[in-house]
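Student: Provided below are the primary sequence and the corresponding predicted coordinates.
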Amino acid sequence: MKTIIEPFRIKSVEPLRKTTREERERRLEEAGYNLFLIDAADILIDLLTDSGTSAMSSEQWAALMRGDESYAGSRSFRRMESTVRELMGFRHVIPTHQGRAAERILFTVMCRPGDVVPSNTHFDTTRANIEQQGARAVDLPVAEAADTQSKFPFKGDMDVEALERLIETEGRQRIPLVMLTVTDNSGGGQPVSMRNIEAVSALALRHRIPFYLDACRFAENAYLIHIREHGYRTYFTPREVAQKMFRLADGCTFSAKKDAFANIGGFLCTNDDRLAEQEKNLLILTEGYPTYGGLAGRDLEAIAVGLEEILDPDYLEYRIASTAYLGRHIADHGVPIVEPPGGHAIYIDAGRMLEHIPRAQFPGQALAVEIYRHAGIRSVEIGSVMFGDKARHELLRLAIPRRVYTQSHIDYVVEAILEVNQAKERIRGLEMIHEPRVLRHFSARFRPL
């Protein structure tokens, strides 16, 4: 059969409320044309993020009832710890309330003012947590990532030669760790090849620099390796690919709100006993005891189940195919996307689509506003609003929550985007009128030009 169906049945439904164009225009004005500031009740289809927005399975809901809420040494933590160790192989598993808490603890312990942390592409909270410590976040994407229309299969790869030059220039003593984000969210949701993970790991090992994965979407990355990289479809399951990825790293940060189907949670892993002790001490100060880390026992249970479910080959085949369905249906009708489609989202190249809007007028934000105004769909800008002058592209991300929307929802999104594209010359840019000091995209306000 050619049709890829959702490998699940729907047991519970939540109503969606349609709004009129006039209502949406009022909401935009009230929110300062920032879609983060619009209430979810006024959104029809929410593609703002895939973080914490997944639908949990019946097994996860059942696991919630097993939650052990003991303050110290709960059974739920031991169950999650065992699942993580079996999959990822790290010695220390430190729970946190979400991924950015793991980042904050990691960089607080490892970074000092003047340090440099290289990655393929740092995401917004990662960069902010590094810079909060007085260190510098450096992006080293491969050359192919510069062309959004290139169909190079692993545009999330790091430029290994550039990494070697950075180590030589800065000195290994100023580089506390090397990170790879899998998949590369800021770079268009593009996967990192196993060959590149191996090369970065080997270079870091040679220079005695710890190597970490930002593993939020590890399963999607593993599946894209499985289907795109030579030899992996034949000889490796997605689970085995993931295990090989983690064996190459010294530790990881993880948001369970992505590739664990959980609505909250995350963890920090390391093989270093000394670092683990420091990280746990900071965890106690800011998150909670090391066997709950700011989470309820039921959340730990949901994460343990989700880590098993996420690597189901049938689910991953559906997930990647459904994302590609959205991407191909708009790209084949003239909407420029970051090629090839990745795992969790489709990224529209707003700078290319809206060539009449200069970078200083935020074409990605303008496109997000117009799609909401036209159809009630929320998305997010990944460009100059989010990254300022560090932005390489002006992108609009359509992040697809896991197990939430059906084929007809995606068809509606396709129809809406194509209608917006037909009238794109009428879209105007925006001026930022309120700019927070950090992570400005969350609460900045705009006005139309």
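Tutor: Perfect, thanks for sending it.
Student: Phi, psi for the nearest residue to residue 66 once chain neighbours are set aside please.
Tutor: Leaving aside its sequence neighbours, residue 66 sits nearest to residue 301 (Cβ to Cβ, 6 or more residues apart in numbering; 5.5 Å). For every residue, glycine as well, the C-beta is placed using N, CA and C. Phi and psi for residue 301, reported as degrees, to the nearest 10, are phi -60, psi -40.
Student: Residue 80 now?
Tutor: Taking degrees, to the nearest 10 as the convention, residue 80 sits at phi -60, psi -40.
Student: what's near enough to touch it?
Tutor: By Cβ atoms under 8 Å, 6 or more residues apart in numbering, the residues touching residue 80 are 93, 95, 267, 300-301, 303-304.
Student: what do you get for residue 134?
Tutor: Counted by Cβ under 8 Å, 6+ apart, residue 134 has contacts 111-115.
Student: Contact partners for the residue nearest the centre of the chain?
Tutor: What sits nearest the mean C-alpha location of the chain, by Cα atoms, centre = their mean, is residue 185, with 4.9 Å. Counting by Cβ under 8 Å, 6+ apart, residue 185 touches 121, 123, 216-217, 344-345.
Student: Just list what the lowest-mean-pLDDT helix or strand in the chain packs against, helices and strands only.
Tutor: Counting by mean pLDDT, DSSP states H and E, the weakest-scoring helix or strand in the chain turns out to be helix 232-235, with a mean of 90. Judged by 3 or more Cβ pairs under 8 Å, 6 or more residues apart in numbering; DSSP states H and E, the packing partners of helix 232-235 are helix 218-228.
Student: care to break the chain down by domain?
Tutor: 21-50+312-448, 58-309 (automatic domain parsing).
Student: Mind checking the pLDDT average for the first one?
Tutor: Confidence over domain 21-50+312-448, taken as the mean pLDDT, stands at 96.
Student: Span of it from start to end?
Tutor: 17 Å (Cα to Cα, to the nearest Å).
Student: Would you pull up how far that domain lies from the middle of the chain?
Tutor: 15 Å (Cα atoms, centre = their mean, to the nearest Å).
Student: Can you name the residues that contact residue 378?
Tutor: 35, 38, 43, 45-48, 368, 372.
Student: So which of these is the closest to residue 237?
Tutor: Nearest to residue 237 among the contacts of residue 378 is residue 47, at 29.7 Å by Cβ to Cβ.
Student: neighbouring contacts of stretch 363-370?
Tutor: Contacts for stretch 363-370 (Cβ under 8 Å, 6+ apart): 28, 33, 35, 348, 350-351, 353-354, 357, 378-385, 394-396, 420, 427-430, 446, 448.
Student: send the alpha carbons of that stretch over as CSV?
Tutor: What follows is stretch 363-370 as a C-alpha-only set of coordinates in CSV (Å, rounded to 0.1, in the frame of the first residue of the first chain):
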residue,chain,number,x,y,z
PRO,A,363,9.7,38.6,6.6
GLY,A,364,9.4,35.4,8.7
GLN,A,365,7.3,37.2,11.4
ALA,A,366,5.2,38.9,8.7
LEU,A,367,4.5,35.6,7.1
ALA,A,368,3.5,34.1,10.5
VAL,A,369,1.1,37.0,11.1
GLU,A,370,-0.5,36.6,7.7
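Student: What's the mean pLDDT across stretch 139-158?
Tutor: Here the average pLDDT along stretch 139-158 is 97.
Student: which parts of it are buried?
Tutor: 139-142, 144-145, 148, 153-158 (16 or more other Cβ atoms under 10 Å).
Student: Then stretch 285-302?
Tutor: Buried, per 16+ other Cβ under 10 Å, within stretch 285-302: 287-302.
Student: go on, stretch 349-362?
Tutor: 349-354, 357, 361-362.
Student: So which of these belong to helices?
Tutor: 350-353 (DSSP state H).
Student: From the contact counts, what lies against the helix of greatest length in the chain?
Tutor: Secondary structure of the chain per DSSP H: the longest helix is helix 313-331. Helix 313-331 sits against helix 218-228, strand 345-349, helix 407-422, with contacts defined as 3+ Cβ pairs under 8 Å, 6+ apart.
Student: okay, the ones you listed in a markdown table with distance to residue 309 next?
Tutor: As requested, those are exported to a markdown table (distance: least, Cβ to Cβ, whole Å):
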| stretch | distance to residue 309 |
| --- | --- |
| helix 218-228 | 10 |
| strand 345-349 | 20 |
| helix 407-422 | 21 |
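Student: doesn't residue 267 make contact with residue 92?
Tutor: No: taking contacts as Cβ atoms under 8 Å, residue 92 lies outside contact range of residue 267: 9.6 Å.
Student: Identify the bridge partners of the nearest residue to residue 200 once chain neighbours are set aside.
Tutor: Distances taken as Cβ to Cβ, 6+ apart place residue 158 nearest to residue 200, at 5.5 Å, with adjacent residues excluded. Judged by DSSP bridges, the bridge partners of residue 158 are residue 141.
Student: OK, contacts around residue 158?
Tutor: 118-120, 140-142, 180, 192, 196, 200.
Student: which one of the contacts of residue 80 sits closest to residue 132?
Tutor: residue 267 (20.4 Å).
Student: Which of the three states applies to the nearest residue to residue 356 once chain neighbours are set aside?
Tutor: With Cβ to Cβ, 6+ apart as the criterion, residue 356 has its nearest non-adjacent residue at 6.6 Å, and that residue is residue 425. Assigned with DSSP: H, G, I helix; E, B strand; the rest coil, residue 425 falls in the helix class.
Student: Next, count neighbours for residue 425.
Tutor: 9 (other Cβ atoms under 10 Å).
Student: I figured it hits residue 355, correct?
Tutor: No: using Cβ under 8 Å, residue 425 makes no contact with residue 355, being 9.9 Å away.
Student: List the contacts of stretch 140-149.
Tutor: 118-121, 150, 152, 154-159, 162-163, 166, 184, 187-188, 190, 196, 336-339, 347, 349, 352, 392-393, 395.
Student: Now intersect the residues you listed with the strands, please.
Tutor: 118-119, 347, 349, 395 (DSSP state E).
Student: just to revisit the earlier point, export the buried residues of stretch 349-362 as JSON lines, with columns for distance to residue 206.
Tutor: Listed next are the buried residues of stretch 349-362 as JSON lines, based on distance: Cβ to Cβ, whole Å:
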{"residue": "349", "distance to residue 206": "37"}
{"residue": "350", "distance to residue 206": "40"}
{"residue": "351", "distance to residue 206": "38"}
{"residue": "352", "distance to residue 206": "39"}
{"residue": "353", "distance to residue 206": "43"}
{"residue": "354", "distance to residue 206": "45"}
{"residue": "357", "distance to residue 206": "46"}
{"residue": "361", "distance to residue 206": "46"}
{"residue": "362", "distance to residue 206": "42"}
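Student: Endpoints of stretch 130-150, how far apart?
Tutor: 31 Å.
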